[in-house]
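[1] Predicted model follows, preceded by the sequence.
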Amino acid sequence: MRIYVNLLQGRGVAVKNSYVKLKVGKQKSKTAVFRNSENPVWNEEFVFRVHDLNDELLVSVYKCDDHGHPFFHVSAAGELAGRVRIPVWRVAEDPNQTLPPTWFTLERPKNGKSLHNDSGELLLALSLHGRHQETSMSTSPESHNHLQGESRIQNGYASPPAPRKSNEGKHLMKALAGRLEKLFHNKDEAPRDETSSDLSTQSDNEDRVMETSSEDSTFEELIEQLLQSGNGNGEMPEDLRGGILLDQTYRVSPKDLNVVLFGPNSEFRRNLAELQGTSDMQEELWRWRLEREKSYLRRVVTYTKPASKLVKAVKATEEQTYVKADCSEFAVRVKVSTPDVPYGNTFNVELLYKIMPGVTSSSEGESARLVISWAVTFSQTTMMKGMIESGARQGLKESFEQFSTLLSQRFEVVKDVDTLDKDRVLATMETENQGDSDLGIHYFWNFTVVSTVFLLLHVVVHICLCQPSVIQGLEFEGLDLPDSFGELITSGILIIQLERVYSMVSHFVEAKLRRGSDHRVKGQGDGWVLTVALIEGSNLASTNPTEVPDPYVLLTCNGKTRTSSVKLQTLDPQWNEILEFDAIEEPPSVLDVEVYNFEGPFDQSYSLGHAEINFLKHTAAELADIWVPLDGKLAQTAQSKLHLRIFLDNNNGVETLRDYLASLEKEVGKKLSLRSPHRNSTFQKIFTLPSDEFLISDFSCSLKRKLPLQGRLFLSARIVGFYANLFGHKTRFFFLWEDIEDIQVLPPSLATVGSPSIVIILHKGRGLDSRHGAKVLDEQGRLHFYFHSFPSFNVASRTIMALWRTRTLEPDQKARIAEEQLQDDEDGNDVKPLLLEDTPSYLVAEDVKMTKVYSIELPLNPKSLMEMFDGGELEHKVMSMSGCLNYVTTTWEQATPGIQERRVNYRLSRRISNFGGEVTSTQQKSPLPDDNGWVVNEIMTLHDVPLSNHFRVQFRHQIERSSFMYNACKCDVYIGIVWLRNTIFESRITRNIIDKFTSRSEEILQLVEREALLTTK
């Protein structure tokens, strides 16, 4: 239970520089100092926790001693101006538990050291609120008369049921002890929820907060009062930085949805609490809060959250405040504190509920869009910040999934198809643009044209009325010169005016010839059709402060442009034009918008601002009605904006997607098919993508930063995305294919544990939202992303390269490549699988324990045996017979002096491994001293095999001349395991690999011997 003390003002106070101390039990607080007045006005609100109705509120007025002790700041004896005691039960006995503003006479201190006999009066208002409200009357003493209006309590004291012992005698000692305890932190602080008064001195100009009771008003009346006050009519606040928890449109009016979510005793809130296991839920009444001279509606909700696997049941407190409320839009900020959780005193969770009108027609009824965002605010720095944010994100996600499910059961969810009826929205813009005559009148109705026409008419009429002049001076027949300086000046003015009018007319004609070239031009073909409705512009800038611009808009998407008409002499143009792009095979990612000032058909147009609209960062509802702020010095200074309505449709349905995937299959070298709706939905949720984005492929890999991070790389038609979840700490980012400047393939290395790497380099200034995933930011401002440890590197690299080329090549380049591929098919040329790029060498790990597993003497010279490593017919035949499918090698290349290198790729047959799986190897060969033989080192990576990302297999074949036989050689085979991660199966895997590859080495060398001898014979 809390007592709210509203200290309004004082009158007749015996001191001019005064302040007030308030005390309930052990809780204390004080006001700011009011100077140079015996009638101070504080208007301050204090709240104290009450545990016993027999407690009393002690209000004491002191003189401010500017010359007091600089260390302790303790009031000296004799500086007490007066005090008043008010028992708590005096407030509790009132039916409303509220004491209206009442004048209390200050009691002179009993020690007789008061400054004056008349100590003055204080105006106080008191109220009790809390869980003991209903029973407070039964515990109060006998009934007293209720004080109304500005009633008085003489001597500042009302007698309680039993006399209380005064504790004034030791005031100075208590103050001194309290100051020492506070200074040296020897006294334990009371919990935050046990007191609401800050014990520290407040500055004179500190913002004050005052709450007033509103029990007599309904929730609807309070909202109406907030609307009338004008304090809720500001701009809709921005979403909180943590992200969006819910963005959905429901078939209900915004006003009704607001009542359901935040009305008192809401049935929806009770059902949600029951669904989530919340208990002990208590809602305070909505109250007015005066802060910084603005009124807000505020209430406090407390409840107990259920226990989870890691955290016990804890008490939570929500402080809900309306920050915006008008007839159709509402915004409520919620501050959630859970001090009982680990590190709970260091942070608060903030939620922002935004209720806005949805996009529907009148026949469909009203709809409301609900957007809920979140953030974590820290009151202290802590090393657990990342873990706290991750835990809060996961808990909020689960909680609001239940919230969304329950709300969708109560109200119908309005889908995008219902809210974004393209034909209905565009039908409102089919009216004809302003006629040429109207435009001409608006453009030419100005002082320059009117004055010129008037002057010209005046001169013409004057000529008609005048008689022919007499030839005089230097005039002769056919040449009539001005007869005075006035005529000369008039003629000059007329010529200048006529020249300006001629310039305006030519400008108008040129603009009209340019006008409407792309307006209502329908897009051709099947596929993704982009339609942009250009509505209007606002606050456009001007390149010349003395002139009003003639703006027009240039839209660019996938290399195609559309141009609007020119609007003459306006900073707030109204276009109402529909610009449609031809259908394309792949969905577009970005729309570039540029606003120019028309200077003529051949003059250079100056930019008034530009913008880039990323379709993946906006929902379809947002794109259907969006104000786009323009970038650029002029535009940002003027705060220029464009109003657009954007629609992206697939007019060929799923066939467009199948055709797009089929066009990629030839370059990728594998069959591509549409992913399941569930997998697509999961992909869209991870990266918060629109519903029309579809997943093409995904691969397990590692992101190389300071430390490798195992995750998954997602490839869609428009983005490259990476997602990892390491013990609840999630890493996610994506960038557009158009953002990529170059893709490189790096050879295996120790840093990538024998795996090749793909390096994706973005254009300068692109993909900045994804910079936390980049390993390098080079001197040119480009981000570098490193990916390695793919299960099937060849498939991954081919898919990435094919998608990148498809998105970035110009249409004529695509057509030329398609013709070349078609010609190759007609000629019957076999297209070899794409192998790794030729790359520099790497060093074989030397610290691996190599075990000699096989040794054999062969009746072949070393040169003949080395044919099994030359990529010729013998090698391919032997490896095929030993169970290697699709065996492909590169040629040997000089890596370093004396060392040659090549790469090998094949797939294991089911005879060798039940899992099949792909094998990629890098081999190096170097001669032995005195040309006595060769050493071949090999690092082998297995893919699509359980735990294959935990190890690499290293081989060494040492081939040298035999010392016992002529024209013979000896071959020793060594095997070692390079462990990348620890696993309990190390010994089992090591044993299995050594046994298997020992038998394979024996089989391969025997096949080489047989085939070599047969070839010799």
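    That came through, no problem.
[2] and the nearest residue to L456 once chain neighbours are set aside, what does it touch?
    The shortest distance from L456 to any non-neighbouring residue, by Cβ to Cβ, 6 or more residues apart in numbering, is to L494 (6.8 Å). Heads up, the C-betas are built off the backbone N, CA and C, glycines and all. If a contact means Cβ atoms under 8 Å, 6 or more residues apart in numbering, then L494 has 452, 455-456, 459 as its contacts.
[3] ok, now with 10 Å
    By Cβ atoms under 10 Å, 6 or more residues apart in numbering, L494 lies in contact with 452, 455-456, 458-459.
[4] In helices only, show me those residues.
    452, 455-456, 458-459 (DSSP state H).
[5] picking that back up, may I have the phi/psi pair for the residue nearest to L456?
    Dihedral pair for L494: phi -60, psi -40, per degrees, to the nearest 10.
[6] Could you list the low-pLDDT ranges of the stretch 201-350 of the chain?
    The model of the stretch 201-350 of the chain has pLDDT under 70 over residues 201-216, 230-233, 290-294, 309-310.
[7] That one: strands as residue ranges?
    In the stretch 201-350 of the chain, strands defined by DSSP state E, counting those that start in this stretch lie at 209-212, 243-250, 279-283, 287-291, 294-305, 314-325, 330-337, 347-357, listed in chain order.
[8] Just send the ones you listed back as CSV, with distance to F104 too.
    Formatted as CSV, the strands of the stretch 201-350 of the chain follow (distance: least, Cβ to Cβ, whole Å):
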stretch, distance to F104
strand 209-212, 19
strand 243-250, 49
strand 279-283, 32
strand 287-291, 23
strand 294-305, 27
strand 314-325, 31
strand 330-337, 35
strand 347-357, 37
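[9] Just put these in a markdown table and tack on mean neighbour count and distance to D94.
    A markdown table is the format used below for the strands of the stretch 201-350 of the chain (neighbours: other Cβ atoms under 10 Å; distance: least, Cβ to Cβ, whole Å):
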| stretch | mean neighbour count | distance to D94 |
| --- | --- | --- |
| strand 209-212 | 15 | 16 |
| strand 243-250 | 18 | 43 |
| strand 279-283 | 13 | 22 |
| strand 287-291 | 17 | 18 |
| strand 294-305 | 18 | 22 |
| strand 314-325 | 19 | 27 |
| strand 330-337 | 20 | 31 |
| strand 347-357 | 20 | 35 |
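[10] and the gap between the spatially closest residue to Q639 that is not a sequence neighbour and V532?
    Of all residues not flanking Q639 in the chain, N539 sits nearest, at 5.3 Å (Cβ to Cβ, 6+ apart). Using Cβ to Cβ, to the nearest Å, N539 is found at 21 Å from V532.
[11] who has more neighbours, those two?
    When neighbours are counted by other Cβ atoms under 10 Å, V532 comes out ahead of the other of N539 and V532, with 24 against 14.
[12] rewinding a little: generate a PyMOL selection restricted to the buried subset of the ones in helices among the contacts of L494.
    Of these, the buried ones go into a single PyMOL selection, burial set by 16 or more other Cβ atoms under 10 Å:
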select buried, resi 452
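[13] For L746, state which of the ones in helices among the contacts of L494 is nearest.
    Proximity of the ones in helices among the contacts of L494 to L746 (Cβ to Cβ) peaks at T452, which lies at 72.3 Å.
[14] Relative to S749, which of the strands of the stretch 201-350 of the chain is closest?
    strand 243-250 (36.7 Å).
[15] Off-centre distance for the closest one?
    Relative to its parent chain, strand 243-250 has a centroid offset of 14 Å by Cα atoms, centre = their mean, to the nearest Å.
[16] separation between the closest residue to F34 other than its chain neighbours and I760?
    Nearest residue to F34, sequence neighbours excluded (Cβ to Cβ, 6+ apart): P40, at 3.5 Å. For P40, the distance to I760 (Cβ to Cβ) stands at 69 Å.
[17] Have a look at these two and say which one is more surrounded.
    Between P40 and I760, counted using other Cβ under 10 Å, the more crowded position is P40 (25 against 22).
[18] Ramachandran angles for the more buried one?
    The main-chain torsion angles of P40 are listed as degrees, to the nearest 10 and equal phi -70, psi 150.
[19] Was I right to think it contacts S18?
    Yes: using Cβ atoms under 10 Å, P40 is in contact with S18, at 5.7 Å.
[20] avg pLDDT for whichever strand or helix holds S390?
    Assessed by DSSP states H and E, S390 sits inside helix 385-410. Helix 385-410 shows a mean pLDDT of 86.
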